[in-house]
Each structure stands twice: as structure tokens, then as C-alpha cells.
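**Q** this one's sequence-less:
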């Protein structure tokens, strides 16, 4: 019997443990910070500011963090980021225990955690292809994505449970987990590589903008990233789950918890399948079909009034999104030279962050304009329209057969109208 992929590659196992632990601790802190800020201020605006404060460093540092990930040891960058988050969690724990923590103090810690995540995400993404053979990368991407989804389920649940004993205990446990995540990452053994990234005669500005230039010149990568961006942007039904739980499905807090967990359950199930049965052929069509399935699942959820059907729709939504995520990340990693992966991953991270943050904003605005159900249904329809448009705008992506097949030079690729 073949051993699981994680057991075949000890470096990948260390990476998986470090990444999953870091995501779980972060999601624990999200729950504690949210509850504590709202308890201290009773202000929805202050609650929203927590997410914005964490996203802004990622946006502002996009060009810098990618270059850092390409110039320096990605293990040490990732480890340092875990230990910076560990330090911030310890500060939050101490302040909460002494009852001296202020909202401004929480915001400062949140901003530094956001800055740490800004450096961490490109370094971690760029590190993954060095841990397994190229043929195993799609399975490794699926395993890593499954670990993140597992953390999305366990982190908030564990954080909410521990919060009953006080927020300081959540921060304390998060401190320990961040520290262990850093130890797991630094234990990874990677092949040595050149430290510098600037080519002879290349300006510093060209180096900083290298990730954007690289993505723009390759229609397959640009199409895959932008398809995911617009599909999540338009189909962000999860932001409206509290309204569905209370007013439409009439389930209460327990139902909201189940609804929030359902997409992650579907994503984990699909990641387990893809880690054992990676995509082999017609990957472009498969990705676009999965995004169309994401749109259809969004529509079904939007119109459903029956709780089991709504749960099933959200499970399908998470599963189809996982297919898109694994395909996109595999294409990006396989088509990007190692010396460029940090900068490309930084741009990719902004696309992901923008789709999640702006998707929630878009869902809230359209729900205020048209009503909750029409907003979700229109978002699903918009996702289907995007898929049809992307078939026309990115024929190279639609025709892509295998993940590992070479892509023509940028000059030979068809021009895209984007």
C-alpha cells in the first residue's frame, strides 16, 4: 500500500504542520480579537476595522514582500513571521490578563500580525515547489490547501471554546502554537539557491514590478488568477450567512456554525480526493467547469429555504472552489521560475485577499440595494457570466490540457483583452 504523500516527503510534512498550525492559531486569534473588540466598543465599525487594519499591510507591502521572498531564505522569513505573530499574541495575552489592553493596542498588534502575514504568504507559497518533485506538486498543493481548510474549521471552534475562560487564554494558546509552527518550518531542509534576484542591467523598479510583469505576459496564469478573483468577488455568499441563519433558514447560532463549516467540509473532502487523484487532462476546462459549479452552488444556496439543501449547496461550493484553487496554484507554481516565485506569489496573494475582502463588501452592498436573496443569486449568475467571458478572453487557459505542459513564450501567446 502506497504511503500518504505527507509521509513520503518529511519536508512536506514539516511544511504542512507549520502552515496548518499557523492558520489554526491565526483563526483562533480572529475569534478572540473580534469578540474582545466588540465587547469593548459595541461598534460594528471598530469590528470591521480589525480586518481592514490587517489587510492594508499586505496591500502596501506587495512589491516589497515578493522581492524579499526571492532574495532571502524563505524558511527563515516564514519562521520569523511565525515568531512575530507569537510575540503579538503574547502581548495580547499579557494585556488581557492585566486588564490593561486598549482597543488601540489591539489595532497595533493586528497591524503587525497583518504585516507578518504579508511577508509569510509569498515565502510559504514559493517554498512549496522545492519540497516535492514537480510531478507531485498538484497533490502537495491539494494537501496544503486541505490543511488550511482544516484550520479554518478547528481554529474558530477552538478559539470560541477557550474564550469561555477568557481572551487571555486564547492568546496564550495561540502564542504556543505560533512558536511550534515556527519550529516546524525551520526544520525543513531545502536545496540551496542563489540569493540575488536582480538580473544584470535590470533596474530596481523592474525587479520590484517583476511579478506583475510576469503575470501580465502569460495569459494562462493571468486567466487562472483573475478567474478566481472575479468568481469569489461575485459569488461571496458566505458574508451573508448570519442573515440566512437568522432570517431565512431560521436556525439560530448553532445553524450559523454549521453553515460556516460546510464550505470547509466540502473543500477538505475535495482536497483529500485530489491529493490521491490529481488532475491529469483537460485542466483548463476542468477549472472553468468547477468555477461554473461554484456559481450554480451559489444560486442554489441563494434560493434555498430548506436547511439540508442549503448545507449541501455550501459543501458543493467549497468542493468546487477547491478544484479551482488547486488548479490555479499548481499552474502558477509550475509555470514560474524559482527566482520569480516570491514576487508572483505576492501578487497572487493580493488577488486572493482582494477577492475575499471586496467580495464581502460587494455582497453587503448588493444585499442592501436589492435584498439578501437577490444579491446572492445575482452573484452566482455573475460568476457564470465570468466563466463564459473567460472562455473567450483566455483561450490558452481553456485549451490547457496538462498542468505540467510547457507554456509558449509570452511573445507567442495570443493577446488578451484585459
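**A** The structure has been received and is ready for your questions. Here the structure is a predicted model, which means the values were calculated and not measured. Residues are numbered from 1 along each chain as shown.
**Q** Every contact and neighbour count from this point should use C-alpha atoms.
**A** Fine.
**Q** Show me the shaky parts of the stretch 251-400 of the chain.
**A** Under the criterion pLDDT under 70, the flagged ranges of the stretch 251-400 of the chain are 252-254, 257, 350-365.
**Q** could you show me where the helices are in it, in order?
**A** Ranges of helices in the stretch 251-400 of the chain, per DSSP state H, counting those that start in this stretch, are 253-276, 283-303, 307-335, 341-370, 372-393, 395-398.
**Q** Show me what the first one packs onto, helices and strands only.
**A** In other words, helix 253-276. Secondary structure elements in contact with helix 253-276, counted by 3 or more Cα pairs under 8 Å, 6 or more residues apart in numbering; DSSP states H and E, are helix 137-163, helix 241-243, helix 307-335.
**Q** got those helices as JSON lines, with mean neighbour count columns?
**A** Written out in JSON lines, the entries for those read as follows (neighbours: other Cα atoms under 10 Å):
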{"stretch": "helix 137-163", "mean neighbour count": "23"}
{"stretch": "helix 241-243", "mean neighbour count": "17"}
{"stretch": "helix 307-335", "mean neighbour count": "23"}
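**Q** Minimum distance to residue 262: which of those has it?
**A** For residue 262, the closest of these is helix 307-335, at 5.0 Å, according to Cα to Cα.
**Q** one step back: just put the helices of the stretch 251-400 of the chain in CSV and tack on distance to residue 128.
**A** Converted to CSV, the helices of the stretch 251-400 of the chain look like this (distance: least, Cα to Cα, whole Å):
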stretch, distance to residue 128
helix 253-276, 15
helix 283-303, 20
helix 307-335, 8
helix 341-370, 10
helix 372-393, 28
helix 395-398, 23
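**Q** Quick check: which of the ones you listed is nearest to residue 138?
**A** Closest among the helices of the stretch 251-400 of the chain, using Cα to Cα: helix 307-335, at 5.5 Å.
**Q** The closest one - contacts with which helices or strands?
**A** Counting contacts by 3+ Cα pairs under 8 Å, 6+ apart, the secondary-structure elements packed against helix 307-335 are helix 137-163, helix 219-234, helix 253-276, helix 283-303.
**Q** Mind putting these into TSV with distance to residue 341?
**A** Formatted as TSV, the entries for the helices and strands packed on helix 307-335 read as follows, by distance: least, Cα to Cα, whole Å:
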stretch	distance to residue 341
helix 137-163	14
helix 219-234	13
helix 253-276	22
helix 283-303	21
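**Q** which stretch among those comes nearest residue 374?
**A** The closest of those to residue 374 is helix 283-303. By Cα to Cα, the value is 7.6 Å.
**Q** Low-confidence ranges, the stretch 51-200 of the chain, go.
**A** For the stretch 51-200 of the chain, applying pLDDT under 70 flags the ranges 51, 191-200.
**Q** switch to 90 and redo it
**A** Residues of the stretch 51-200 of the chain meeting the criterion pLDDT under 90: 51-74, 99, 114, 118, 121-123, 125-167, 186-200.
**Q** Make a markdown table from the helices and strands packed on helix 253-276 and add distance to residue 282 to it.
**A** Putting those into a markdown table (distance: least, Cα to Cα, whole Å) gives the following:
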| stretch | distance to residue 282 |
| --- | --- |
| helix 137-163 | 14 |
| helix 241-243 | 34 |
| helix 307-335 | 11 |
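**Q** so which of these comes closest to residue 125?
**A** Ranking those by proximity to residue 125 (Cα to Cα) places helix 307-335 first, at 8.2 Å.
**Q** Compute the inter-axis angle for the closest one and helix 219-234.
**A** Our comparison of helix 307-335 with helix 219-234, counting by axes from the mean of the first three to the mean of the last three Cα atoms, to 10 degrees, yields an angle of 150 degrees.
**Q** for the longest helix anywhere in the chain, the distance to its chain's centre please.
**A** For the chain, the longest helix by residue count, based on DSSP state H, is helix 10-41. The offset between the C-alpha centroid of helix 10-41 and the centroid of the whole chain comes to 13 Å, using Cα atoms, centre = their mean, to the nearest Å.
**Q** so what does it touch, helix or strand wise?
**A** Taking 3+ Cα pairs under 8 Å, 6+ apart as the contact definition, the neighbouring helices and strands of helix 10-41 are helix 5-8, helix 44-60, helix 103-127, helix 137-163, helix 167-186.
**Q** Give me the neighbour count for residue 187.
**A** 15 (other Cα atoms under 10 Å).
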